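Chemist: Provide a 3D model corresponding to the input given below.
(one chain, ligands or ions: 1)
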Amino acid sequence: ATDPVTVTVTGAAGNIGYATLFRVAAGEMLGADRPVRLRLLEIPSSLEAAEGTALELQDGAFPLLESVDVFDDPVRAFDGVQAGLLIGSRPRGPGMERSELLEANGAIFSAQGAAINAGAAEDVRVVVVGNPANTNALIAASHAPDVPLERFTALTRLDHHRAVAQLALATGSPVGSVRRVSIWGNHSASQVPDVDHAEIGGRPALEVLAEHGRGRAWIDEEFIPRVARRGAEIIEVRGGSSVASAAHAAICHMRDWVRGTPEGDWTSMAVPSDGSHGVQEGLISSFPVTCAAGRYDINHEVKLGDDVENRLRASVRELAEEREAVRSRGLL
Ligand code: NAX
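Modeler: Residues are numbered from 1 along each chain as shown. Sure, this is the predicted structure:
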């Protein structure tokens, strides 16, 4: 047996939290040989619901689940954290101003960043799911000066999966044959799904798409908007926002970061920019990354097509604006 890993999940009583916890307990994130200690964070009004989830986790009798503890204090919830899934955030309510949204989330993620700074384990890794995910990750990172910046990431894996799935559907190919898709930029409608380097069944995706009558126009007018607006489509059709697919993406994000991406493929993660691909250093932007030996590396080799580059520039501008908005409110 190996040492247990301490996993903190915020928004534990929420929809995505609920869909995530049981799979983590089952070993689907960190491996079938890795015991886990779960620490659940909720706000006081949802603490009891989180306690109920903890009871259900007991009822799963998961052999890998060493303990479940529930907190409404971030300092205690993040004590010893090695894998942090920051899911809870303040969604935009009806009539809510953008400034209120930024401030509510600024308060949440600055407190959580400070708690991570105070108590995290040496090998802590954080993925922010709660929106606006990239900027929330930036706020948390800026309140954790003792934690290496690269340990703060945000989720764009759901966008990545959506793009992979749409390519498979459009070409009648198995999903598992689609590789090297990239999501660039912000996790928002400005995100940039990129198929220029993608492969389907080992062949250039653009070639396979063309055989199915899908050229640039399909990519620009159908594929990109479909992927970028898929969250809204799910809300329309399902009557609620993405839950299980988001939980799955968060688990895959952390799993690949810890255990590596498959040989010959890469994935997409929003990570602090090192200045490459024209993304201002320090902004948390989605990039194609490969993971090995517990770390991720931004893919520096892929060359941006003109169209992707233009779109990425707009998405990065949006990220810089979000950063400016939180900075001017003293949240960084
Ligand atoms: P829910 O409203 O079901 O759950 C959120 C939970 O977070 C609630 O139980 C709430 O009490 C808790 N919470 C709020 N503030 C907290 C705090 N300070 N500390 C601890 N817990 C806190 O939302 P759910 O559907 O689970 O979605 C969670 C977040 O994921 C939302 O911000 C949503 O926008 C975001 N999403 C991000 C996605 C991504 O790809 N990055 C996709 C799915 C999802 O839209």
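
Chemist: closest point of the stretch 201-332 of the chain to the ligand, which residue?
Modeler: Among the residues of the stretch 201-332 of the chain, Ala246 lies closest to the ligand, at 3.6 Å counting by C-beta to the nearest ligand atom. Every residue, glycine included, has its C-beta placed from N, CA and C.

Chemist: so where do the strands sit in the stretch 1-150 of the chain?
Modeler: Taking DSSP state E, counting those that start in this stretch as the criterion, the stretch 1-150 of the chain contains strands spanning 5-10, 36-41, 65-71, 83-86, 125-128.

Chemist: picking up where we left off before, I'd like the distance between the residue of the stretch 201-332 of the chain closest to the ligand and Phe223.
Modeler: Taken as C-beta to C-beta, to the nearest Å, the spacing of Ala246 relative to Phe223 amounts to 21 Å.

Chemist: same deal with Ala320?
Modeler: Using C-beta to C-beta, Ala320 is found at 26 Å from Phe223.

Chemist: quick one: pLDDT of Arg90?
Modeler: Reported pLDDT at Arg90 in the predicted model: 87.

Chemist: what do you get for the one 5 residues further on?
Modeler: Reading off the confidence values, Gly95 has pLDDT 83.

Chemist: Next: Ala1.
Modeler: 59.

Chemist: Check the secondary structure at the residue of the stretch 201-332 of the chain closest to the ligand for me.
Modeler: helix (DSSP: H, G, I helix; E, B strand; the rest coil).

Chemist: then the longest strand belonging to the chain to CSV, C-alphas only?
Modeler: For the chain, the strand reaching the highest residue count under DSSP state E is reported as strand 284-292. Extracted as CSV, the C-alpha positions of strand 284-292 are listed here (Å, rounded to 0.1, in the frame of the first residue of the first chain):
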residue,chain,number,x,y,z
ILE,A,284,-3.8,31.7,-16.3
SER,A,285,-4.6,30.6,-19.8
SER,A,286,-5.5,27.3,-21.3
PHE,A,287,-2.7,25.6,-23.3
PRO,A,288,-2.0,22.2,-24.7
VAL,A,289,0.1,20.4,-22.1
THR,A,290,1.8,17.1,-21.6
CYS,A,291,2.1,15.7,-18.2
ALA,A,292,4.8,13.3,-16.9
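
Chemist: And the nearest residue to Gly215 once chain neighbours are set aside, which helix or strand is it part of?
Modeler: Among residues not flanking Gly215 along the chain, Leu209 sits closest, at 7.2 Å (C-beta to C-beta, 6 or more residues apart in numbering). In this structure, Leu209 is located in helix 205-211 according to DSSP states H and E.
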